[in-house]
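*Asks:* sequence first, then the predicted structure:
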Amino acid sequence: MSKFADIEIDPGIVRRAAAGDGKAHEIIYRAFATPVYSICLRFTKSPAHAEDLVQETFIEIMRSIAAFRGEAALGSWIRRIAVTKSLMFLRSAWTKRGQALSDDWDDVTAGEAVSHGISSRPDDAIDLDAALANLPDVSRAVIWLHDVEGFTHKEIAGLMGKTESFSKSQLSRAYQRLRPMLSAELAAQPDGAAVGSY
């Protein structure tokens, strides 16, 4: 899970924000702006779009914070709003470009990263950001939500308005596309790390 869970805000600040206190709003914004921007940038690949989504996210947070019941951590609630705003942006972009949420790849069986040839060793220094940037929007969003943010396939399906099998197949497809990119990156490492010896 990302940094959202590590950020603690005093419940008094949340109550003040719910009552419309501008200083409390600022405290929440300053605490969460960076991780919100990070997640929005992962989805959009565009700093300008990410900045717009940060603003939209915080407008929604301040509008809705009075309804926040505290059943989950504030960071989890904010993260869900940021993800929802990012997915709404992607959906509108797909609509504008005439693309669908799915692509024309054949369905494949989902599995763990290691079973798809992606190393689990932290010593394998690769440019994962560059590899992820080469994925289609949907695959990138699913892999980010599942592997980094810790969403389940059921949660991802709900956010995207699709089925769990859609989420699983998109994750598997992302792994399939990442494998050759990451293998090439590992093969190019100066220490001669053996590709395929995961």
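*Replies:* Received the coordinates, thanks.

*Asks:* next SSE after the helix or strand of the chain with the lowest mean pLDDT?
*Replies:* Every helix and strand of the chain was ranked by mean pLDDT, DSSP states H and E. The lowest is helix 128-133, at a mean of 71. Using DSSP states H and E, the helix or strand that follows helix 128-133 in sequence is helix 137-143.

*Asks:* which secondary structure elements does the following helix or strand past that following helix sit against?
*Replies:* Scanning forward in sequence from helix 137-143 by DSSP H and E, the next helix or strand is helix 153-160. Applying 3 or more Cβ pairs under 8 Å, 6 or more residues apart in numbering; DSSP states H and E, one finds that helix 153-160 makes contact with helix 74-97, helix 137-143, helix 164-187. Heads up, the C-betas are built off the backbone N, CA and C, glycines and all.

*Asks:* make JSON lines out of the ones you listed and add mean pLDDT, distance to Glu56 and mean neighbour count.
*Replies:* Below are the helices and strands packed on helix 153-160 laid out as JSON lines (pLDDT from 0 to 100; distance: least, Cβ to Cβ, whole Å; neighbours: other Cβ atoms under 10 Å):
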{"stretch": "helix 74-97", "mean pLDDT": "81", "distance to Glu56": "5", "mean neighbour count": "18"}
{"stretch": "helix 137-143", "mean pLDDT": "84", "distance to Glu56": "17", "mean neighbour count": "24"}
{"stretch": "helix 164-187", "mean pLDDT": "80", "distance to Glu56": "24", "mean neighbour count": "20"}
